[in-house]
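1. Let's see this in three dimensions:
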Amino acid sequence: MKYFVKMAHADFEVDLTDLGNGHYSLKIGDRVIEADFHAVDAHGQYACLLDGRSYAASIAEQDSQTLDVTIGGESFSAHAQDERERTAGELATARPVAEVIKASMPGIVVSLTVSPGDVLQEGQAVGILEAMKMQNEVSAPHGGVVAEVMVETGQAVDSGQVLIRLESASDE
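-> Predicted structure coming up:
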């Protein structure tokens, strides 16, 4: 399994092969390291054999991807993602192909400044929503092309109601 590791002063890829019984082969760049890890107790203490050298290691989990490690008298924090986690994270942060702009609160649509076919930039105002005698600007969280305006000026809307449907500008 390939892991992508981030530390304070370095980012690198590790190809990890589990050889069974606590024995692993780690490939970092062109270097291959033979490693044995055996738990000493249930508190994150391990006996490690790295390329024939013995170490005591203390490993504490900050979260599911971040470890605080002390080995050979040196302490560091390592954030690791496997290939699947990294790909899922990239997909989750990728700009959506289509999205909607919703009312953030119940109110009345005072004005709309866009119509189907308009190309919007991220943060561009699309209209005004009045709630409790206050006028609030509604803007596009991402750029895109207005595919459909779902409301009209003067219409009452609920919180979370779709006002405008966008498509990615690349879908033109």
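
2. other SSEs contacting the lowest-mean-pLDDT helix or strand in the chain?
-> Here the helix or strand of the chain ranked lowest by mean pLDDT, DSSP states H and E is helix 83-93, holding a mean of 77. Counting contacts by 3 or more CB pairs under 8 Å, 6 or more residues apart in numbering; DSSP states H and E, helix 83-93 packs against strand 2-7. Quick note: C-beta positions are derived from backbone N, CA and C, even for glycine.

3. in its sheet, what does the helix or strand following the strand it packs on sit against?
-> Next helix or strand after strand 2-7 toward the C-terminus (DSSP states H and E): strand 10-20. The strands that strand 10-20 pairs with in its sheet are strand 2-7 (antiparallel), strand 23-28 (antiparallel) (by DSSP bridges).

4. Give me the contacts around strand 10-20.
-> Met1, Lys2, Tyr3, Phe4, Val5, Tyr24, Ser25, Leu26, Lys27, Ile28, Gly29, Ala80 (CB atoms under 8 Å, 6 or more residues apart in numbering).

5. Report the buried residues of the helix or strand hosting Leu49.
-> Assignment of secondary structure by DSSP H and E places Leu49 within strand 45-50. Within strand 45-50, the residues that count as buried by 16 or more other CB atoms under 10 Å are Tyr46, Cys48, Leu50.

6. Count the residues that sit near Glu122.
-> 11 (other CB atoms under 10 Å).

7. ah, wrong one, I meant Ile101
-> So Ile101, with other CB under 10 Å, has 23 neighbours.

8. Please settle this for me: is it part of a strand?
-> Yes: Ile101 sits within a strand when classified using DSSP: H, G, I helix; E, B strand; the rest coil.

9. wait, it sits on Val138?
-> Yes: if you go by CB atoms under 8 Å, Ile101 and Val138 touch, sitting 6.5 Å apart.

10. Mutual contacts of those two, please.
-> With CB under 8 Å, 6+ apart, Ile101 and Val138 have common neighbours Val126, Leu163.

11. gap between the residue most central in space within the chain and Arg31?
-> A centroid search over the chain (CA atoms, centre = their mean) returns Gly89, at 4.4 Å, as the residue closest to the centre. Gly89 is 27 Å from Arg31, where distance means CB to CB, to the nearest Å.

12. got it, and Glu74?
-> Distance from Glu74 to Arg31, by CB to CB: 18 Å.

13. Likewise for Leu129?
-> Going from Leu129 to Arg31 by CB to CB gives 59 Å.

14. Neighbour count: those two, which is higher?
-> The neighbour count for Leu129 versus Arg31, taken as other CB under 10 Å, is higher for Leu129 (23 against 8).
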